[in-house]
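Peer 1: Dropping a prediction and its sequence here:
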Amino acid sequence: MRPYVFVNVAMSADGKLSTRERRQVKISGSIDFRRVDQIKAGSDAIMVGIGTVLADDPSLTVKDPELKAGRAARGEDENPIRVVVDSRGRTPIEAAILNKGSGQRIVAVAGEADEKNRELLREKADVITTGTESVDLPALLDALHARGVRRLMVEGGGTLIWSLIKEDLVDEIQTFIGNMVIGGKDAPTLADGEGFLAAQDFVGLDLADVLRMEEGILLTWKVRHQQRSIL
Ligand SMILES: NC(=O)c1ccc[n+]([C@@H]2O[C@H](COP(=O)([O-])OP(=O)(O)OC[C@H]3O[C@@H](n4cnc5c(N)ncnc54)[C@H](O)[C@@H]3O)[C@@H](O)[C@H]2O)c1
Ligand SMILES: Nc1nc(=O)c(N)c(NC[C@H](O)[C@H](O)[C@H](O)COP(=O)(O)O)[nH]1
């Protein structure tokens, strides 16, 4: 079993999530940032890859006090469970995601992660070890479901999103497209990794909503799941 998984990113008009130097770019306007806060507050967990932690040092906390109060009224922590996918356990112990705001943290590492790193991270987070070189994403989602996670928001980055999509683990993609061109053939996009080559492997989407938002546009897609042959 796994949670409902939805990706939320902001990208430039040319599809970039940040610069080729992975320097964070403010793409969302105030309305989209508020929307992101709302969907974060409505999630049981929010997940990022270690690349995003090292590049942006995000706290992934809920910002609006009313949204936090709403979570408390439902008997929830003020922040969703924050999950870092981090094969080698490189999450800095002083990272914002481990120190800012209350709530549970999970760092998912792979078997190869250094035991010392795992020990250190256990002071601030639950450490889940799954997979050998990279984190076993189906197993991680199963573990999150077993912990009661039913709605999982994935913030990025492109490498993590690619793996989740490739393993057919994403149900919905929300992307805010902002009114700027970042450029750069090596700048990160919504789905990086090795990419598909054959058209029959491309992941199909159904357009669920289009919304103009300031000078940008918010697209919501539902992912068409692979027709798994039932053996
Ligand atoms: N604009 C946005 O909405 C947005 C959101 C998040 C991140 N970003 C940007 O994305 C960039 C970071 O993205 P990224 O692709 O470098 O890193 P990422 O955040 O996607 O993390 C990828 C890393 O996670 C680890 N990992 C472990 N198991 C894995 C698995 N099974 N599959 C995939 N990864 C696994 C690996 O070390 C891998 O390199 C930054 O520049 C950041 O600013 C933008
Ligand atoms: N939705 C969105 N619009 C953007 O313009 C932008 N640059 C990000 N980037 C994603 C990044 O990883 C974190 O969402 C932010 O860094 C927020 O981090 P905080 O929780 O405020 O610490 N995300």
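Peer 2: Nice, I can see it. What you see is a predicted model; the values in this text were computed from it and never measured. Residues are numbered from 1 along each chain as shown. Ligands and ions are numbered 1, 2, ... in the order given.

Peer 1: going forward, measure contacts and count neighbours with C-alpha atoms only.
Peer 2: Will do.

Peer 1: how many other residues sit next to the residue nearest to Asp56 when sequence neighbours are not counted?
Peer 2: Spatial nearest neighbour of Asp56, chain neighbours left out: Gln24 (6.2 Å); criterion: Cα to Cα, 6 or more residues apart in numbering. Number of residues near Gln24 (other Cα atoms under 10 Å) recorded here: 14.

Peer 1: What helix or strand is Gln24 located in?
Peer 2: Remark: Gln24 resides in no helix or strand, with elements defined by DSSP states H and E.

Peer 1: do Leu160 as well
Peer 2: helix 158-166.

Peer 1: what is the residue nearest to the spatial centre of the chain paired to in the beta sheet?
Peer 2: The centroid of the chain falls nearest to Val154 when counting by Cα atoms, centre = their mean (2.3 Å). Here Val154 sits in beta bridges with Val7, Met47, as judged by DSSP bridges.

Peer 1: Relative to Glu167, how far out is it?
Peer 2: 14 Å (Cα to Cα, to the nearest Å).

Peer 1: close to ligand 1, is the longest helix along the chain?
Peer 2: Identified as the longest helix of the chain according to DSSP state H is helix 30-41. No. Shown here: helix 30-41 not in contact with ligand 1 (Cα under 6 Å from any ligand atom), separated by at least 9.8 Å.

Peer 1: Which neighbouring elements make contact with that helix?
Peer 2: helix 65-73 (3 or more Cα pairs under 8 Å, 6 or more residues apart in numbering; DSSP states H and E).

Peer 1: Kindly recompute the last result at 10 Å.
Peer 2: strand 4-11, helix 65-73, strand 151-156, strand 172-177, strand 205-213, strand 216-223 (3 or more Cα pairs under 10 Å, 6 or more residues apart in numbering; DSSP states H and E).

Peer 1: Ile128 contacts Asp142, correct?
Peer 2: No. If you go by Cα atoms under 10 Å, Ile128 and Asp142 don't touch, sitting 11.6 Å apart.

Peer 1: who has more neighbours, these two?
Peer 2: Ile128 (19 against 15).

Peer 1: The closest residue to Gly183 other than its chain neighbours: neighbour count?
Peer 2: With sequence-adjacent residues excluded and distances taken as Cα to Cα, 6+ apart, Gly183 is closest to Asp14, at 6.7 Å. Neighbours of Asp14 under the rule other Cα under 10 Å: 15.
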